[in-house]
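Participant: Here you go, sequence then predicted model.
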Amino acid sequence: MEKNTHVSWKTILKALGPGLIVTAAFVGPGTVTTTSSSGAKYGYVLLWALTFSVFATIVLQEMSARIAIATGKPLAEFIRTSLSNNPTVNKIAALLVVLAIGVGNAAFQTGNLTGAAIGLNAILGSSAILWLWIIAIIATILLWTGSYKLVEKFLTILVVIMGFAFLIDMFAAKPDWGQVAVHLIKPSIPGGALTIVLALIGTTVVPYNLFLHSSSVLEKGWKGWEGIKIMRWDAGIGIFLGGLFSWAILITAAAVLHPQGITIKSAGDMAVQLEPLLGKGAAVFFALGLFAAGMTSAVTAPLAGAYAIQQSLGLPRDMKDKYFRLWLMLIMLSGLGFGTMVFATGRSPIEAIIFAQAVNGVLLPIVAWMLLYAANKKEYLGEYTNGLISNVLGSVAVITATVLGIRLILKALGLM
């Protein structure tokens, strides 16, 4: 099949799926909290970081899915078996993936459970720790029994409704469109903003999504250039939609919260953004959306993490496999443990959520460099190997994320 294969819009729209799964996975409490905090504290200044994140997500997800379509192997399996001609190198690479996904998902799960808990706490009161444990138990039962799909679809609809509410609210808030246009593409990192810049990247370019996406396109059965073209449209539409929600939240926060000097400390502070559209009902609507985003991601993150780890170690992808369930439990318990510690010690759950996203931003280069290298393995990918444009765009994304991650580490160590 030729590169210029024509695919009809009807075919593309019917095939939509994996790209929307990626979006549903990254639009969680971390995205809502990080974008809200960014807009409230820095106005429109960090919009460029979201623009970069959406661009990097599309580029890297396309590479991951293309490898799967070209080789018939999900990304983790490809790294384990084909990244190098040296089996030892492949094993080390697979273990690095396990480390990055394990640590990253534990951090992400802390944000998911914490975000869902503060959402329910805002609606129903009682103890945030109690809601944290209830949500973790429900998510665990859903994953253990495999009956999560119906619930996940319902919650995803709530997240999408909240996203569109922010899109409408963005216009109701009457932002400074001139400033929006400038900062969408003008890189700038104000003093003290490096952590939140990494968080904006880490909450959008999610490492485990690279593995989730490659498995999802294989289930679709897409083949050849026709399959790759469908995949590119699917990924582009899905990820851009998620980016649009993220831009809307940040712009709304910049327009509504920043002028009032409101610092995000609770779900109630974030809900103020929706008052231009929903008035007094904003708090309940926002809290419900935050709960839905957290609950959806609380199910997706352990599931995607377990799939990636199983594939990296060459273990069965069966959800009932004992090791698969072990990874599910470890990721869930890590999130539950750190979330409990946050609430029990009186730390700010908002700061914890942002930190969790920043951790993923630091870990991202480990997986992204492997992906870029894997996408250039001509002996396996043949005509589907990265071209010049893919390598340039991929290198810009990976190098930028790496430099920002190193800067944050050096800053944490007091070396800059």
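Facilitator: Looks like it arrived, so ask away.

Participant: and Gly72, how far is that from Ile157?
Facilitator: Separation of Gly72 from Ile157 (Cβ to Cβ, to the nearest Å): 33 Å. Every C-beta, even on glycine, is put in place using the N, C-alpha and C of the backbone.

Participant: Ala267 now?
Facilitator: With Cβ to Cβ as the criterion, Ala267 and Ile157 are 20 Å apart.

Participant: who touches stretch 370-383?
Facilitator: 60, 63-64, 66-67, 70-71, 75, 78-79, 82-83, 93, 96-97, 210, 385-386, 390-391, 394-395, 398 (Cβ atoms under 8 Å, 6 or more residues apart in numbering).

Participant: nope, stretch 179-189 is what I meant
Facilitator: 43-48, 51-52, 197, 247, 251.

Participant: Touching, Phe211 and Pro74? I think so.
Facilitator: Yes: Phe211 is in contact with Pro74 according to Cβ atoms under 8 Å; the separation is 6.6 Å.

Participant: about what we covered before: so Ala267 and Ile157 - more neighbours on which side?
Facilitator: Ala267 (27 against 12; other Cβ atoms under 10 Å).

Participant: excluding its backbone neighbours, what's nearest the more buried one?
Facilitator: Ranked by Cβ to Cβ, 6 or more residues apart in numbering and with sequence neighbours excluded, the top spatial neighbour of Ala267 is Ala122, at 4.3 Å.

Participant: Contacts only, for that neighbour.
Facilitator: Taking Cβ under 8 Å, 6+ apart as the test, what Ala122 contacts is 266-268, 271, 283, 286-287, 290.

Participant: Nearest to Thr402, out of those residues: which one, please.
Facilitator: When the contacts of Ala122 are ranked by distance to Thr402 (Cβ to Cβ), Leu290 comes first, at 31.5 Å.

Participant: Check the offset of the helix or strand containing Met332 from the chain's centre.
Facilitator: Using DSSP states H and E, Met332 sits within helix 322-344. Taking the mean of its C-alpha atoms, helix 322-344 sits 18 Å from the chain's own mean (Cα atoms, centre = their mean, to the nearest Å).

Participant: Repeat that for stretch 66-84.
Facilitator: With Cα atoms, centre = their mean, you get 21 Å for stretch 66-84.

Participant: what pLDDT does Phe211 get?
Facilitator: Per-residue pLDDT puts Phe211 at 89.

Participant: and it, how many residues sit next to it?
Facilitator: Other residues near Phe211 come to 28 when the count uses other Cβ under 10 Å.

Participant: Sketch out the low-pLDDT regions of the protein for me.
Facilitator: 1-5, 146-152, 154-156, 415-416 (pLDDT under 70).

Participant: about what we covered before: cross the contacts of stretch 370-383 against helices and list the overlap.
Facilitator: In helices, judged by DSSP state H, the following of the contacts of stretch 370-383 are found: 60, 63-64, 66-67, 70-71, 75, 78-79, 82, 93, 96-97, 210, 390-391, 394-395, 398.

Participant: are any of those residues buried, and which?
Facilitator: Neighbour counting by 16 or more other Cβ atoms under 10 Å classes 60, 63-64, 66-67, 70-71, 75, 78-79, 82, 93, 96-97, 210, 390, 394, 398 among those as buried.

Participant: returning to what we had before: look at the residue nearest to Ala267 and give its secondary structure.
Facilitator: helix (DSSP: H, G, I helix; E, B strand; the rest coil).

Participant: any idea how far Val392 is from it?
Facilitator: According to Cβ to Cβ, Ala122 and Val392 sit 45 Å apart.

Participant: same check, this time on Pro207
Facilitator: In this view, Pro207 and Val392 are 22 Å apart by Cβ to Cβ.

Participant: More neighbours: the two, which one.
Facilitator: Pro207 (28 against 12).

Participant: Run the chain-centre distance for the strand or helix carrying Val54.
Facilitator: Per DSSP H and E: Val54 is located in helix 47-71. Here helix 47-71 is found 12 Å from its chain centre; the criterion is Cα atoms, centre = their mean.

Participant: List of residues touching stretch 260-278?
Facilitator: So stretch 260-278 is contacted by 32-33, 36-37, 40-41, 118-119, 121-122, 165-166, 168-169, 172-173, 249, 252-253, 256-257, 282-283, 285-287, 290, 348, 350 (Cβ under 8 Å, 6+ apart).

Participant: Identify each buried residue in it, please.
Facilitator: For stretch 260-278, a neighbour-count test (16+ other Cβ under 10 Å) marks 262, 264, 267, 269-278 as buried.

Participant: same deal with stretch 130-138?
Facilitator: Under 16+ other Cβ under 10 Å, the buried positions of stretch 130-138 are 131-132, 135-136, 138.

Participant: which stretches of the stretch 201-350 of the chain form helices?
Facilitator: Secondary structure of the stretch 201-350 of the chain (DSSP state H, counting those that start in this stretch): helices at 207-220, 224-256, 267-271, 275-278, 282-313, 322-344, 349-374.

Participant: Distance to Lys153 added to those helices, as JSON lines?
Facilitator: Listed next are the helices of the stretch 201-350 of the chain as JSON lines, based on distance: least, Cβ to Cβ, whole Å:
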{"stretch": "helix 207-220", "distance to Lys153": "15"}
{"stretch": "helix 224-256", "distance to Lys153": "15"}
{"stretch": "helix 267-271", "distance to Lys153": "24"}
{"stretch": "helix 275-278", "distance to Lys153": "24"}
{"stretch": "helix 282-313", "distance to Lys153": "9"}
{"stretch": "helix 322-344", "distance to Lys153": "20"}
{"stretch": "helix 349-374", "distance to Lys153": "24"}
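
Participant: Can you say which of the contacts of stretch 260-278 are buried?
Facilitator: Neighbour-count burial (16+ other Cβ under 10 Å) applied to the contacts of stretch 260-278 gives 32-33, 36-37, 40-41, 118-119, 121-122, 165-166, 169, 173, 249, 252-253, 256-257, 282-283, 285-287, 290, 350.

Participant: can you count the residues close to Glu77?
Facilitator: Using other Cβ under 10 Å, Glu77 has 23 other residues around it.
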